[in-house]
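S.K.: Fold the following.
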Amino acid sequence: MRIRLDSRARVRVVAAALLVAAATAQAATQAQAQPTAQVQAQAQRQAQDQDLAQAPRPGMLTTADLPPDPLTWQGHASDQPGDSFETRCLAGWYRPDVPEENIWTADFFTSETAAAYERVYVLPTEAEAIALADSARLHYAGCAGRMQADYPHDVVTAQDHGTVDVEEGATVGGVHEQEVPAWQGYRNVLYGVGRDGNTVAIVEWESNSTQPDVPAFKETVRAAVNKLH
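M.R.: Got it, this is the predicted structure:
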């Protein structure tokens, strides 16, 4: 009878030891799996960022896409990513969450009459592109107020030129600044923000020599968005 009790005790001891060992092994596996999952997620994100940084330049505007001008348009899109200029109305708009490797620019000008600019942002997701486009539109909406604050003696007016039916849509607006006294001159600015999937195009035109051709500029914005993919 004593031998049977000792055998049962030994069985219980062995079983308890096995349970402890199994629990210890499971905890070690979970502890190892957690950083492994984090490393895998980080590596996946880095791979996505690398793929995005190495993506080819989106289609961009050429001088043939710009509004007609009495003088010849010059300039071209950059072959390298990076934000290389700051336009009048977009000044002060900064998005630290968008790496410069994902920004493509174009710079156009005539010898005297006008200048035009384009920025194209390639975002990891469509949701981020929507947020970026909304942020740009909000900043543009405050352009007239900022110009008026900088030049309190001038007369600054904002215009809403509506939308352009292209891909996920585009909006067009403008600002007119009349210097005081009036003979000193004026400045006209047109801007458009459009999106196609995860890519955003921003186009700006300005001149203190010619009146804005809004229908022609809308076609420029249409061309910019159509060329993204």
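S.K.: Spatially central residue for this protein, please.
M.R.: residue 121 (4.1 Å; CA atoms, centre = their mean).
S.K.: In the beta-sheet assignment, what are the partners of it?
M.R.: Beta-bridge pairing for residue 121 (DSSP bridges): residue 103, residue 200.
S.K.: Contact partners for it?
M.R.: By CB atoms under 8 Å, 6 or more residues apart in numbering, the contact set of residue 121 is 98, 102-103, 129, 132, 199-200, 202. Backbone N, C-alpha and C define where each C-beta goes, glycine included.
S.K.: any chance of these in JSON lines, plus pLDDT, neighbour count and distance to residue 177?
M.R.: Shown next, in JSON lines, are the contacts of residue 121 (pLDDT from 0 to 100; neighbours: other CB atoms under 10 Å; distance: CB to CB, whole Å):
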{"residue": "98", "pLDDT": "84", "neighbour count": "18", "distance to residue 177": "29"}
{"residue": "102", "pLDDT": "87", "neighbour count": "20", "distance to residue 177": "32"}
{"residue": "103", "pLDDT": "90", "neighbour count": "19", "distance to residue 177": "27"}
{"residue": "129", "pLDDT": "95", "neighbour count": "20", "distance to residue 177": "31"}
{"residue": "132", "pLDDT": "95", "neighbour count": "21", "distance to residue 177": "27"}
{"residue": "199", "pLDDT": "95", "neighbour count": "25", "distance to residue 177": "31"}
{"residue": "200", "pLDDT": "96", "neighbour count": "30", "distance to residue 177": "26"}
{"residue": "202", "pLDDT": "96", "neighbour count": "28", "distance to residue 177": "20"}
